[in-house]
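K.L.:
how would this look folded up:
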Amino acid sequence: MGAELRGRISVAVMGAFYILAGLNHFVFPEFYLPLIPDYLPFHDFINYASGALETLLGLGLFFTKTRKAAAYAIVGLLLLFIPSHVHFIRIGGCVPDGLCAGLAVSWLRLILIHPLLILWAVYTGRQ
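P.N.:
I've put the predicted structure just below:
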């Protein structure tokens with residue numbers, strides 16, 4: 001598979017991923033709200049703002065003129081999500097009556113998957 005095709009696939013998959021993830025914040029806010037650390041105020045605003053940003057940035061990946069900016073803004077957004085991952089680890093990887101991934105999976109998300117998502121965004125921004 002050629003580099004151009006890989007780049008197009010990366011853009012399409014990443015764009016769809018962030019659009020769907022962003023819209024999910026509006027459809028299932030109860031999933032995201034417990035993942036926001038207690039020390040942060042305005043949980044509803046944070047949830048909906050991050051969902052709106054994910055959706056808009058995902059759309060921005062589809063346009064050549066905005067792709068690089070959208071991809072690097074996704075990197076910034078992912079960095080802003082780190083406290084949520086740390087919070088999830090601190091509460092044992094389980095939300096009462098909600099998501100339960102366990103500590104091993106929670107650590108894996110933070111130290112492996114999250115950096116891979118950042119690298120993917122950088123790669124996609126260069127397409």
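K.L.:
What segments of this protein are helices?
P.N.:
3-27, 29-32, 43-60, 64-80, 82-90, 102-108, 114-125 (DSSP state H).
K.L.:
so the longest one versus helix 64-80, what angle?
P.N.:
Taking axes from the mean of the first three to the mean of the last three Cα atoms, to 10 degrees, helix 3-27 and helix 64-80 form an angle of 60 degrees between their directions.
K.L.:
center of the chain, which residue is that?
P.N.:
For the chain, the residue nearest the mean C-alpha position is L78 (5.6 Å; Cα atoms, centre = their mean).
K.L.:
show me the contacts for it.
P.N.:
L78 is in contact with 114, 117-118, 121, counting by Cβ atoms under 8 Å, 6 or more residues apart in numbering. The C-beta positions use only the backbone N, C-alpha and C, and glycine is treated the same way.
K.L.:
How about G98?
P.N.:
30-31, 34.
K.L.:
What score does it have for pLDDT?
P.N.:
What the model reports as pLDDT for G98 is 80.
K.L.:
again, but for the one 5 residues further on
P.N.:
Per-residue pLDDT puts L103 at 88.
K.L.:
Was I right to think L23 contacts L53?
P.N.:
No - counting by Cβ atoms under 8 Å, L53 is not a contact partner of L23; they are 11.9 Å apart.
K.L.:
These two: who's more crowded?
P.N.:
Under the criterion of other Cβ atoms under 10 Å, the comparison of L23 against L53 puts L53 first, with 19 against 15.
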